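Trainee: return a 3D structure for these sequence lines:
(chains A and B)
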Amino acid sequence: MGLDPVTLLAIVLMALATYATRAGGLWLANHFELSERAGAWLDAIPGAILVSLVAPTVLTGGLAETLAAAAVVLVAFRTGSLPLAMATGVVAVVLLRTLAAGLM
Amino acid sequence: MHQENAAKKEERVTFTLAGALAGARRCVPVAISGCATGLVFGTLAGQAGLGAGEAALMSALVFSGAAQFLVLGIWASPLPVVAIVLTTIVVGLRHLLMGAALGPVFSKLPRLKAYGSVYFMADENWALTMGEFDKGRRDGAFLLGGGLLDVLAWTGSTFVGGTFGGAVDDPARWGLDFAFTAIFLALIAGMWKGRSNILPWTVAAAVSVAAHHWLPGQWYILLGGLAGSFAGVVRRGP
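Mentor: Sure thing, here's the model as predicted:
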């Protein structure tokens, strides 16, 4: 279980980057007043990034992926449980892929 | 009632062991759920070529599920270090807002305690802490206590997942290639606040699909994210 130097570098830089964002908000709050628009923009970033990440797979990946995605969203809304929603998606995509392969 | 809260807000801010223990106790369900997610992260990190020790080190130092799952999606040889760090920063931008929200209370703490505690700030213990402050219980160690429990659970389960997850030889056969997508979808569902999300998310999806089709590499993530978030602001008007 050797530690690759480039991997280590990436992990340390990630740690510094995340800490900078964690401490940065506190620092900014102590020194500046964040405008409402800037706040709204920051607020909208995580959702937009996550949607961008999944959209190609969900919308153009195939019927099994699209249906499994719908199941995940449904379970996530109903239960609010991340592990349960993930398990649902994984099981659903396996079943639907098997079904699709059987139909062809 | 509001005046009563306002009066409490003028009270001093404490930083006690009792506060840290209360924070840890409230975070037990979060830590259990974090263990399940950590097992998955360790497993997927193994599939992406990270050793169990490397994955656990990342969990302990970075302590951000969203950022860690995201960078696994672009983890390749040779390692795109710049893209990995940029992704981490962009995903972490929400921390700016969360940290800013702690400001009014944390500015009354000694600097070392305040800036040491925010290292352990994650979505869940931050939300619980804000709830405590709102009720007038202003113990800064509440955030730290919950965060310490979370980071232990997250790091330990990552190591276990990385050690035993390697037994899974073909990820697609077990649907694990879809695990990322499912996690992101569940996170998106949790972020749903109402109709105001429709326009930015539609713009993000459209730009992302187009960029994924016509551009090489991972540009679709950043372009979709920027377009969607700007659409969210423009919609609000000046």
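
Trainee: check which helices and strands the worst-scoring helix or strand of chain A on mean pLDDT is in contact with.
Mentor: Taking mean pLDDT, DSSP states H and E as the measure, the helix or strand of chain A with the lowest value is helix A:36-60, at a mean of 84. Contacting helix A:36-60 under the criterion 3 or more CB pairs under 8 Å, 6 or more residues apart in numbering or on different chains; DSSP states H and E are the following elements: helix A:63-79, helix B:65-72, helix B:81-106, helix B:179-191, helix B:198-214, helix B:219-236. The C-beta positions use only the backbone N, C-alpha and C, and glycine is treated the same way.

Trainee: the residue nearest to residue B:139 when sequence neighbours are not counted and chain A, how far apart?
Mentor: Counting by CB to CB, 6 or more residues apart in numbering or on different chains, residue B:139 lies nearest to residue B:19, which is 3.0 Å off, once chain neighbours are set aside. Distance, residue B:19 to chain A, using CB to the nearest CB, to the nearest Å: 18 Å.

Trainee: dump the residue contacts of residue B:203.
Mentor: Going by CB atoms under 8 Å, 6 or more residues apart in numbering or on different chains, residue B:203 touches A:48, B:227, B:228, B:231.

Trainee: what's the neighbour count on the residue nearest to it when sequence neighbours are not counted?
Mentor: Distances taken as CB to CB, 6+ apart place residue B:231 nearest to residue B:203, at 4.0 Å, with adjacent residues excluded. By other CB atoms under 10 Å in any protein chain shown, the residues close to residue B:231 number 19.

Trainee: what's residue B:231 in contact with, if anything?
Mentor: A:44, A:48, B:199, B:200, B:203, B:204.

Trainee: just give the closest residue to residue B:124, not the sequence neighbours.
Mentor: residue B:30 (4.4 Å).

Trainee: and the pLDDT for that neighbour?
Mentor: As predicted, residue B:30 sits at a pLDDT of 79.

Trainee: what does residue B:166 give?
Mentor: At residue B:166, pLDDT is 68.

Trainee: can the contacts of residue B:203 go into TSV with extra columns for distance to residue B:89?
Mentor: Compiled in TSV, the contacts of residue B:203 are given as follows (distance: CB to CB, whole Å):
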residue	distance to residue B:89
A:48	15
B:227	18
B:228	17
B:231	21
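
Trainee: right, and out of those residues, which lies closest to residue B:176?
Mentor: Each of those was scored against residue B:176 by CB to CB, and residue A:48 proved nearest at 25.9 Å.

Trainee: and the nearest residue to that closest one once chain neighbours are set aside, how far from residue A:50?
Mentor: Distance criterion CB to CB, 6+ apart; nearest residue to residue A:48, sequence neighbours excluded, is residue B:228 at 2.9 Å. In this view, residue B:228 and residue A:50 are 10 Å apart by CB to CB, to the nearest Å.

Trainee: same question for residue A:72.
Mentor: 13 Å.

Trainee: now do residue B:178
Mentor: 15 Å.

Trainee: residue B:69 contacts residue B:44, correct?
Mentor: Yes: counting by CB atoms under 8 Å, residue B:69 touches residue B:44, with 7.4 Å between them.

Trainee: which of those two has more neighbours?
Mentor: The neighbour count for residue B:69 versus residue B:44, taken as other CB under 10 Å, is higher for residue B:44 (26 against 22).

Trainee: ok, now which ones touch the nearest residue to that one once chain neighbours are set aside?
Mentor: Leaving aside its chain neighbours, residue B:44 sits nearest to residue B:72 (5.7 Å; criterion: CB to CB, 6+ apart). Going by CB under 8 Å, 6+ apart, residue B:72 touches B:41, B:44, B:45, B:48, B:50, B:180.

Trainee: contact partners for the residue nearest to residue A:48?
Mentor: Contacts of residue B:228 by CB under 8 Å, 6+ apart are A:44, A:47, A:48, A:49, A:51, A:52, B:200, B:201, B:203, B:204, B:205, B:207.

Trainee: A strand includes residue A:16, no?
Mentor: No: assessed with DSSP: H, G, I helix; E, B strand; the rest coil, residue A:16 is helix; it does not lie in a strand.
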